[in-house]
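Peer 1: Next comes the sequence, and after it the predicted model I'd like to discuss.
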Amino acid sequence: MGQAFVNRDRLRVLHARGLSDREIADTLGVAVNTVWRHRRAMKLDANTPSNRLSPEDVDLIRKRAGEGFTAASVAGELGVTKPAVASAARREGITFGAGRREEIRCRAEAIAAKTRSGCTQSEIAEALGIPVTTVRKWQVRLRKRGALPALDAAPVAAVPDVPRVAAVPSKPVAKAGPDPLDRLRDRFGAEVVQALAGIGRKGSYRRLSEVAAAHSLPVKSVEGIWHRVRAA
């Protein structure tokens with residue numbers, strides 16, 4: 001089956017008008033996949049609702065953004081999706097939240113000024129029409145930023161001078177630590193440790209073999225215990 005013919009010049013004109021792939025396909029009488037394939041080959045981006053926003057819609061987006069509205073609220077007003085509004089805002093260089101940031105900055109400056117003038121938190125909250133807890137949080141933030149002086153520490157009662165008495169140095173008391181041989185006796189048995197304690201280097205292998213045979217232990221194991229006993 002041959003591929004449907006598509007006039008690319010006509011497709012480009014329809015795309016420039018903001019039509020979606022499906023709308024272009026219906027106009028040209030071809031499948032949507034055919035339009036998609038040709039559009040991709042022509043390096044044209046897919047038209048989204050943001051591409052079809054009118055200049056009046058863009059002006060409204062710019063106005064609402066300056067008033068501090070969010071992209072979601074503007075999208076609800078225009079009857080489009082939030083991504084469509086956000087895409088149009090990026091394309092036009094519109095920034096949401098600028099009005100809100102200015103409002104927050106003015107509020108912080110007002111709280112700082114009234115705090116410096118000696119107003120209480122309740123008086124500041126009443127003057128600005130905000131909760132007392134909000135004033136308290138902002139004061140903490142402003143003090144951390146250095147915009148407000150730190151709270152004065154509570155005065156500490158003076159302690160009268162007490163004559164110093166020369167300290168008599170005490171003799172250090174040596175603490176008796178656990179006997180390393182006790183740990184070896186607990187682990188390998190007192191008889192084995194006692195038998196190995198009297199073995200020196202001369203003729204050690206013969207005597208270690210005798211201890212191993214007497215206690216039914218491998219010679220290598222007895223040799224390892226013997227080294228630990230000598231180290232202790």
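Peer 2: Sure, I can see it. Numbering: from 1, shown residues only.
Peer 1: Identify the single longest helix in this structure, thanks.
Peer 2: helix 98-116 (DSSP state H).
Peer 1: what packs against it?
Peer 2: Using 3 or more Cβ pairs under 8 Å, 6 or more residues apart in numbering; DSSP states H and E, the elements in contact with helix 98-116 are helix 55-66, helix 121-128, helix 132-145. Every C-beta, even on glycine, is put in place using the N, C-alpha and C of the backbone.
Peer 1: which of the residues in the lowest-mean-pLDDT helix or strand in the chain are buried?
Peer 2: Ranking every helix and strand in the chain by mean pLDDT, DSSP states H and E puts helix 180-188 at the bottom, with a mean of 77. Within helix 180-188, the residues that qualify as buried are Leu184, Arg185, Phe188, counting by 16 or more other Cβ atoms under 10 Å.
Peer 1: do the same with stretch 136-149
Peer 2: So for stretch 136-149, counting by 16+ other Cβ under 10 Å, buried means Trp138, Gln139, Leu142, Ala147, Leu148.
Peer 1: what does stretch 193-207 give?
Peer 2: Here stretch 193-207 shows Val193, Ala195, Leu196, Ile199, Arg207 as buried, counting by 16+ other Cβ under 10 Å.
Peer 1: pLDDT score for the second one?
Peer 2: Put plainly, it is Ala195. Note for Ala195: predicted pLDDT of 83.
Peer 1: from what I can see it touches Ala214, true?
Peer 2: Yes. Here Ala195 reaches Ala214: they are 7.5 Å apart, a contact under Cβ atoms under 8 Å.
Peer 1: before we move on, back to that, chain center to the least confident helix or strand of the chain: distance?
Peer 2: Helix 180-188 sits 51 Å away from the centroid of its parent chain (Cα atoms, centre = their mean, to the nearest Å).
Peer 1: Who's the closest spatial neighbour of the residue sitting nearest the centre point of the chain, skipping the chain neighbours?
Peer 2: Centroid-nearest residue in the chain: Arg141, 20.5 Å away (criterion: Cα atoms, centre = their mean). Nearest residue to Arg141 in three dimensions, chain neighbours excluded: Ala108, at 7.7 Å (Cβ to Cβ, 6 or more residues apart in numbering).
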